[in-house]
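Participant: predicted model and sequence below, questions to follow.
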Amino acid sequence: MTAPAPVVLNFKAFEKNSLKGFFDLELPSGLILRGCQLHESHWKRWVGVPARSYEAADGTQSWARIVDFRDRRASVRFQEMATAAAVAAYERIRGAA
């Protein structure tokens, strides 16, 4: 039995460095993650989840996770599902342009 796929909501293309766009992601549970990002670099794609910025002790900007996973397996499973959905949305947007 295959788990239901997450749904990408309102994908907005925005290309800068590895960033390809922003979107909200509705999980099968009904949870909506707002402000996810699709990235691509060196022929790899991944989804960035929401994080907040803060200034580190050395003065550089760092990011604190808002969403995390209980273990590596859960993280990998999320990345596989979320990235597939985000790439499909990104390619639909690019095809329509």
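Facilitator: Yep, it's here.
Participant: residue ranges of the strands in this structure, please?
Facilitator: 7-16, 19-26, 32-41, 44-48, 51-55, 61-65 (DSSP state E).
Participant: burial measure for residue 60, as a count.
Facilitator: Neighbour count of residue 60, defined by other Cβ atoms under 10 Å: 7. All C-beta atoms are positioned from the backbone trio N, CA, C, and that covers glycine.
Participant: ok, it to residue 54 distance?
Facilitator: Applying Cβ to Cβ, to the nearest Å, the value for residue 60 to residue 54 is 10 Å.
Participant: what's the closest of the strands of the chain to residue 77?
Facilitator: Relative to residue 77, the nearest member of these by Cβ to Cβ is strand 44-48, separated by 12.1 Å.
Participant: and the closest one, average pLDDT?
Facilitator: The pLDDT scores in strand 44-48 average 97.
Participant: give the partner strands of it in its sheet and their orientations.
Facilitator: Strand 44-48 sits in its sheet next to strand 32-41 (antiparallel), going by DSSP bridges.
Participant: so which bits of the strand it pairs with are buried?
Facilitator: Neighbour-count burial for strand 32-41 flags 33, 36, 37, 38, 39, 40 (criterion: 16 or more other Cβ atoms under 10 Å).
Participant: okay, now the nearest residue to the third one once chain neighbours are set aside: neighbour count?
Facilitator: Nearest non-adjacent residue to residue 37, counting by Cβ to Cβ, 6 or more residues apart in numbering: residue 48, 4.1 Å away. The burial metric for residue 48, expressed as a neighbour count using other Cβ under 10 Å, is 16.
Participant: from residue 19, how far off is residue 48?
Facilitator: Counting by Cβ to Cβ, the gap from residue 48 to residue 19 is 8 Å.
Participant: name the residues contacting each of those two.
Facilitator: 37, 38, 39 (Cβ atoms under 8 Å, 6 or more residues apart in numbering).
Participant: returning to that earlier point: is it possible to export the strands of the chain to JSON lines including distance to residue 84?
Facilitator: As requested, the strands of the chain are exported to JSON lines (distance: least, Cβ to Cβ, whole Å):
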{"stretch": "strand 7-16", "distance to residue 84": "10"}
{"stretch": "strand 19-26", "distance to residue 84": "12"}
{"stretch": "strand 32-41", "distance to residue 84": "11"}
{"stretch": "strand 44-48", "distance to residue 84": "9"}
{"stretch": "strand 51-55", "distance to residue 84": "22"}
{"stretch": "strand 61-65", "distance to residue 84": "22"}
